[in-house]
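> Sharing a model prediction with you, sequence too.
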Amino acid sequence: MRRRRPSPAWAVGLAALALWAMLGKAGAETLLRARLNADIRSTDPGTNRDANTDGVIAHVVEGLVAFRDDTSIGSMLADSWTISNEGKTYTFRLRQGVKFHNGATMTADDVVWSLKRWLDPATQWRCLSEFSATGIARIEKVEAPDPQTVAITLDRPTALFLPTLARPDCGQTAIIHRDSVGADGKWIAPIGTGPFKLAEWKRGQYVDIVRFDGYVSRSEPRTGYTGAKDVKVDRVRFNVIPDSSAAKAGLLSGSLDVILSLSIPDLEELKSRSDVQLSITPALGLTGILFQTRDPLLKDVRIRRAIALSIDTAQIVDAVMQGTARANNSALPLGSPFYSEAQSHGYAQNIAEAKKLLLEAGYRGQPIKMITNKRYSFVFDASVLVQAMAQTVGINIELEVMDWAAQLDRYNRGDYQSMAFVYSARLDPSLSFEMLTGPKASQPRKVWDNPEAQGMLRQSMMIDDTTTRQALFDEMHKRFIADVPMIVLFNGAELTALRKSIKGYAGWLYPQPRFWGVTVQ
């Protein structure tokens with residue numbers, strides 16, 4: 001049998017890992033080596049991004065507020081804030097002595113500049129639409145009454161202003177130094193306030209971040225993306241290692257310390273290793289099958305419902321997640337405090353009903369193209385099982401495997417018939433629905449274009465009353481299940497494998513690493 005030779009890129013990567021291992025043993029610096037399953041997309045927070053990008057850059061930048069472990073909002077660069085003007089004006093008192101990575105002291109002027117940059121359409125900030133006339137509220141003014149105070153005025157009150165500022169997928173609305181961009185406004189590199197600063201990004205190979213010695217930490221205990229961020233290593237290297245076998249070999253040989261986004265197939269084997277520890281934490285992400293409801297075939301809800309009724313969700317989840325997740329057809333994750341009895345009602349496999357719906361719809365075996373990827377093994381495995389189960393009722397699904405970047409581009413353009421997809425976590429129930437709900441004409445990435453649901457979503461974003469919000473989410477869930485714009489399969493888990501020498505690592509509901517408070521022994 002001919003043995004396959006490793007690709008040059010992997011060989012270089014593994015050689016680099018071995019070199020860093022020797023340097024670490026020689027005492028040159030304290031190095032933590034983590035694996036990424038794919039390269040980051042950019043270093044500009046909340047713009048050209050994906051989950052890997054968010055996780056790396058969250059070590060480098062910070063916003064005014066941040067999510068705690070329990071999904072509540074805590075202070076970060078702002079020490080406190082007040083709300084006035086009938087809920088439309090937020091006045092933030094900034095922390096004193098905060099330093100940027102270039103040594104400059106953060107002032108209100110920097111905050112105003114950063115916020116205005118995010119609000120500039122040319123920046124293409126992910127959360128820009130949330131602060132437009134059709135979003136949660138439009139930002140009318142951003143002012144600095146004095147060097148330690150920033151006032152933001154909205155056109156209407158909203159309960160989601162602070163949670164939106166804190167969204168990790170929007171770069172935490174990071175406060176950055178203006179030298180992060182050039183004189184022409186083009187992005188250079190992040191000069192943030194985080195506990196690490198960007199050292200080097202070698203595309204396709206690694207991203208290095210190093211401890212920022214001028215970091216001014218908060219005093220509260222570490223929680224979510226706020227609290228104390230005490231850095232105990234000199235450098236973190238995020239190695240880009242797409243192949244899970246190569247990553248596992250690096251971990252077992254000692255040339256790699258942490259595998260992020262551990263693949264399910266490797267989980268059982270690593271459980272028996274005495275030199276490896278596992279961190280398995282329920283998360284708020286979402287994996288499911290998306291339908292393009294404007295497609296000539298799939299615009300018929302009967303066909304979409306037939307696909308949903310052809311599958312056994314629990315069986316799929318058990319097969320692909322090996323006990324680390326539970327089936328869930330709701331847009332609200334199981335860990336949400338708003339996940340109620342109503343959310344537990346989803347799709348039950350019903351072969352006879354699925355066949356009946358297909359007959360009524362006049363479906364005659366036309367192929368349905370489903371895009372999937374192998375970056376996330378559970379996404380690909382789930383799509384294969386959906387394909388097989390749908391075939392039992394006569395639905396002809398053809399899988400098209402794409403690399404993640406290409407699939408993400410197709411998703412953002414709404415250019416697909418169906419696809420197996422994974423969403424990063426949202427830490428507020430309104431945001432869980434918001435990532436799916438919206439007008440396709442202006443936001444083609446949205447899968448559920450239902451005007452009534454959009455109205456209920458806007459209501460949920462305006463009010464703080466828990467009982468009223470719960471009623472809205474319950475009604476939205478019922479309509480979501482009836483419309484079948486997608487089939488939610490399950491929420492994920494943060495699966496991380498670490499060498500036993502790594503201490504202080506803690507997973508949380510948002511499935512991203514936090515390498516402050518972590519030591520290498």
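That came through, no problem. Numbering: from 1, shown residues only.
> quick one, helices of this structure?
8-25, 51-57, 108-118, 161-165, 244-253, 264-271, 301-310, 313-321, 351-361, 377-391, 404-413, 429-434, 451-462, 466-483 (DSSP state H).
> Compile those helices into JSON lines and extend it with columns for mean neighbour count and distance to residue 177.
Heads up, the C-betas are built off the backbone N, CA and C, glycines and all. Formatted as JSON lines, the helices of the chain follow (neighbours: other Cβ atoms under 10 Å; distance: least, Cβ to Cβ, whole Å):
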{"stretch": "helix 8-25", "mean neighbour count": "16", "distance to residue 177": "29"}
{"stretch": "helix 51-57", "mean neighbour count": "25", "distance to residue 177": "15"}
{"stretch": "helix 108-118", "mean neighbour count": "19", "distance to residue 177": "6"}
{"stretch": "helix 161-165", "mean neighbour count": "23", "distance to residue 177": "19"}
{"stretch": "helix 244-253", "mean neighbour count": "19", "distance to residue 177": "35"}
{"stretch": "helix 264-271", "mean neighbour count": "15", "distance to residue 177": "40"}
{"stretch": "helix 301-310", "mean neighbour count": "23", "distance to residue 177": "48"}
{"stretch": "helix 313-321", "mean neighbour count": "20", "distance to residue 177": "42"}
{"stretch": "helix 351-361", "mean neighbour count": "17", "distance to residue 177": "57"}
{"stretch": "helix 377-391", "mean neighbour count": "21", "distance to residue 177": "37"}
{"stretch": "helix 404-413", "mean neighbour count": "15", "distance to residue 177": "29"}
{"stretch": "helix 429-434", "mean neighbour count": "25", "distance to residue 177": "28"}
{"stretch": "helix 451-462", "mean neighbour count": "18", "distance to residue 177": "32"}
{"stretch": "helix 466-483", "mean neighbour count": "18", "distance to residue 177": "38"}
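> Redo those as a markdown table? Include mean pLDDT and distance to residue 201.
Shown next, in a markdown table, are these (pLDDT from 0 to 100; distance: least, Cβ to Cβ, whole Å):
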| stretch | mean pLDDT | distance to residue 201 |
| --- | --- | --- |
| helix 8-25 | 50 | 14 |
| helix 51-57 | 95 | 9 |
| helix 108-118 | 98 | 21 |
| helix 161-165 | 94 | 26 |
| helix 244-253 | 94 | 19 |
| helix 264-271 | 86 | 27 |
| helix 301-310 | 98 | 41 |
| helix 313-321 | 95 | 32 |
| helix 351-361 | 98 | 48 |
| helix 377-391 | 96 | 26 |
| helix 404-413 | 95 | 16 |
| helix 429-434 | 92 | 29 |
| helix 451-462 | 93 | 36 |
| helix 466-483 | 97 | 39 |
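> quick one: which of the ones you listed is nearest residue 69?
helix 161-165 (14.7 Å; Cβ to Cβ).
> and that closest one, C-alpha only, in CSV?
Extracted C-alpha coordinates of helix 161-165, given in CSV (Å, rounded to 0.1, in the frame of the first residue of the first chain):
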residue,chain,number,x,y,z
PHE,A,161,-28.8,48.4,22.2
LEU,A,162,-26.2,47.1,24.7
PRO,A,163,-26.5,43.4,23.6
THR,A,164,-25.9,44.5,20.0
LEU,A,165,-22.9,46.5,20.9
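> Now do it: distance to the chain's middle.
The chain centre lies 16 Å from the centre of helix 161-165; the measure is Cα atoms, centre = their mean, to the nearest Å.
> and that helix, what does it pack onto?
strand 65-67, helix 429-434 (3 or more Cβ pairs under 8 Å, 6 or more residues apart in numbering; DSSP states H and E).
> closest to residue 262 out of those?
Among the helices and strands packed on helix 161-165, the nearest to residue 262 by Cβ to Cβ is strand 65-67 (23.3 Å).
> Just list what the closest one packs against, helices and strands only.
Counting contacts by 3+ Cβ pairs under 8 Å, 6+ apart, strand 65-67 packs against strand 73-75, helix 161-165.
> Can I get those in JSON lines including distance to residue 92?
As requested, those are exported to JSON lines (distance: least, Cβ to Cβ, whole Å):
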{"stretch": "strand 73-75", "distance to residue 92": "9"}
{"stretch": "helix 161-165", "distance to residue 92": "10"}
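> Can you check which of these gets nearest to residue 503?
strand 73-75 (24.7 Å).
> Distance from the chain centre to that closest one, please.
So, by Cα atoms, centre = their mean, the centroid of strand 73-75 is 19 Å from its chain's centroid.
> who touches that strand?
Residues from elsewhere that reach strand 73-75 (Cβ atoms under 8 Å, 6 or more residues apart in numbering): 65-68, 95, 162-163, 166, 218, 220, 223-224, 226-227.
> partner residues bridging the residue lying closest to residue 39 once chain neighbours are set aside?
Leaving aside its sequence neighbours, residue 39 sits nearest to residue 240 (Cβ to Cβ, 6 or more residues apart in numbering; 4.8 Å). Beta-bridge partners recorded for residue 240 (DSSP bridges): residue 36.
> I figured residue 290 hits residue 417, correct?
No. With contact defined as Cβ atoms under 8 Å, residue 290 does not reach residue 417; the gap is 9.6 Å.
> of the two, who's got more company?
Counted by other Cβ atoms under 10 Å, residue 290 and residue 417 do not tie: residue 290 has more neighbours, with 24 against 19.
> list the contacts for the more buried one?
411, 416, 418-421, 447, 485-486.
> let's go with 6 Å and repeat that
If you count contacts by Cβ atoms under 6 Å, 6 or more residues apart in numbering, residue 290 has them with 419, 421, 447, 486.
> Could you check the pLDDT of it?
In this model, residue 290 is scored at 98, pLDDT.
> how close does it get to residue 367?
According to Cβ to Cβ, to the nearest Å, residue 290 and residue 367 sit 17 Å apart.
> Reformat the helices and strands packed on helix 161-165 as a markdown table; add distance to residue 508.
As requested, these are exported to a markdown table (distance: least, Cβ to Cβ, whole Å):
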| stretch | distance to residue 508 |
| --- | --- |
| strand 65-67 | 9 |
| helix 429-434 | 17 |
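> one step back: tell me which two of the contacts of strand 73-75 sit farthest apart.
Farthest pair in the contacts of strand 73-75, by Cβ to Cβ: 95 and 163, 20.3 Å.
> can you pull the pLDDT of residue 280?
With respect to pLDDT, residue 280 has a value of 90.
> mind checking how far it is from residue 86?
Distance check for residue 280 against residue 86: by Cβ to Cβ, it reads 45 Å.
> who has more neighbours, these two?
Taking neighbours as other Cβ under 10 Å, residue 280 and residue 86 compare with residue 280 leading, 16 against 8.
> residues touching the residue nearest to residue 39, list them.
Residue 240 makes contact with 36, 39, 204-205 under the criterion Cβ under 6 Å, 6+ apart.
> now these: which count as buried?
Among the contacts of residue 240, the ones that count as buried by 16 or more other Cβ atoms under 10 Å are 36, 39, 205.
> Columns pLDDT on top of these, output as CSV?
Shown next, in CSV, are the buried ones among the contacts of residue 240 (pLDDT from 0 to 100):
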residue, pLDDT
36, 95
39, 96
205, 97
